[in-house]
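Sequence plus the predicted model coming up.
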Protein chains: 2
Amino acid sequence: MAAGLDEIDRRLLDELQHDADRTNAELAGLVGLSPTATLHRIRKLKESGVIRRIRADLDPALVGFPLKVYVTISLARHTPKFERTFYEALRAVPEVITADVIAGETDMVIVIAARDVPDLQRILLKLSLHGAQRITTFLHLEEIKPSAPLPVLRAPDET
Amino acid sequence: MAAGLDEIDRRLLDELQHDADRTNAELAGLVGLSPTATLHRIRKLKESGVIRRIRADLDPALVGFPLKVYVTISLARHTPKFERTFYEALRAVPEVITADVIAGETDMVIVIAARDVPDLQRILLKLSLHGAQRITTFLHLEEIKPSAPLPVLRAPDET
DNA sequence: GATGAAATAGCATTTGC
DNA sequence: GCAAATGCTATTTCATC
């Protein structure tokens, strides 16, 4: 836990992770502080980067992306330049929702949102052309737990 | 794409995915509509479930969760009751950030955020005790593309 | 350095068009 | 979908602990 986060900060973060669509006055009431103090705290949390952004979370199917797949990828080569170029390609493909380098049997895990199977095929082909090897796709079937907030309220040393 | 989303709706959704921390008046200016019309549209998008929620996106490391792992799991049994119980267990573990059923070599992919290695070990053990088998963990090393918004602006039939 | 109270400017929200 | 009007909020200023 970064230094300088007290109990009230953590409660604010918890509330904002669950629902940031509330007025400052309402949040102030929830944590028992004046609107002014609450405003100052939230501003600092944003400026320090603890809060990276406030964003709308959409229903993928309702906006035309019913297909979601996890894809593991190994790269064809492992030179720094090749890797950098491939990472840039990932960032440039809008249907690539997340991309992470991992340690394990494979090099990366990425998540792709697609409109339909041909759309998905087109995206995978594009990645392949950019130097992805051993591409393994796992089709998402069912969401058991959708993007839970980080459990910031639990004390750092509690088990 | 769900029926009833026109170009302006999609632009609003795109803006809100990138940054929902703006006033209604500002968004109205961006899409060239009056504040009233913008307010009505956004309210409808929320009520219809297209916008699931507005939330704060935190920096995991700065709030004490420097460790992130992808975990693939196969279940010990595949009876409906066993599955349901296991899914409930996943939802009850706060460090489990997402959990998806997938089609492929394994049954599920989950993402875990942990404070340190012992913390991670404790969580994995807990999942194991609940009936997870063939647990494979992939340690997250580097974020190449952090949670990009859905590309709602691209027309549904464009390639 | 952080908080609270009062004041102002701006916004969300409603009503009527 | 727009414009005007109202009530509320964010935000600043200033004082306090």
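Noted; the coordinates are in hand.

Enumerate the residues of chain A near DNA strand D.
A:23-26, A:35-36, A:39 (CB under 7 Å from any atom of the strand). C-betas here are computed from N, CA, C, even on glycine.

quick one: which of those residues sit in helices?
A:24-26, A:35-36, A:39 (DSSP state H).

which among the residues you listed are in contact with DNA strand C?
Among those, the ones lying near DNA strand C by CB under 7 Å from any atom of the strand are A:35-36.

Now tabulate the ones in helices among the residues of chain A next to DNA strand D in JSON lines and tack on pLDDT, neighbour count and distance to residue B:63.
Compiled in JSON lines, those are given as follows (pLDDT from 0 to 100; neighbours: other CB atoms under 10 Å in any protein chain shown; distance: CB to CB, whole Å):
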{"residue": "A:24", "pLDDT": "96", "neighbour count": "12", "distance to residue B:63": "21"}
{"residue": "A:25", "pLDDT": "95", "neighbour count": "12", "distance to residue B:63": "25"}
{"residue": "A:26", "pLDDT": "94", "neighbour count": "13", "distance to residue B:63": "22"}
{"residue": "A:35", "pLDDT": "96", "neighbour count": "14", "distance to residue B:63": "24"}
{"residue": "A:36", "pLDDT": "96", "neighbour count": "10", "distance to residue B:63": "24"}
{"residue": "A:39", "pLDDT": "97", "neighbour count": "15", "distance to residue B:63": "20"}
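
From the ones in helices among the residues of chain A next to DNA strand D, pick the one nearest residue A:57.
residue A:26 (19.6 Å; CB to CB).

circling back to that earlier point, closest to residue B:149 among the ones in helices among the residues of chain A next to DNA strand D?
Using CB to CB, those come closest to residue B:149 at residue A:24, 25.1 Å.

does that closest one really touch residue A:33, like I thought?
No - using CB atoms under 8 Å, residue A:24 makes no contact with residue A:33, being 10.3 Å away.

quick one on the thing from earlier: okay, the ones in helices among the residues of chain A next to DNA strand D in CSV with distance to chain B next?
Below are these laid out as CSV (distance: CB to the nearest CB, whole Å):
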residue, distance to chain B
A:24, 12
A:25, 15
A:26, 13
A:35, 17
A:36, 19
A:39, 13
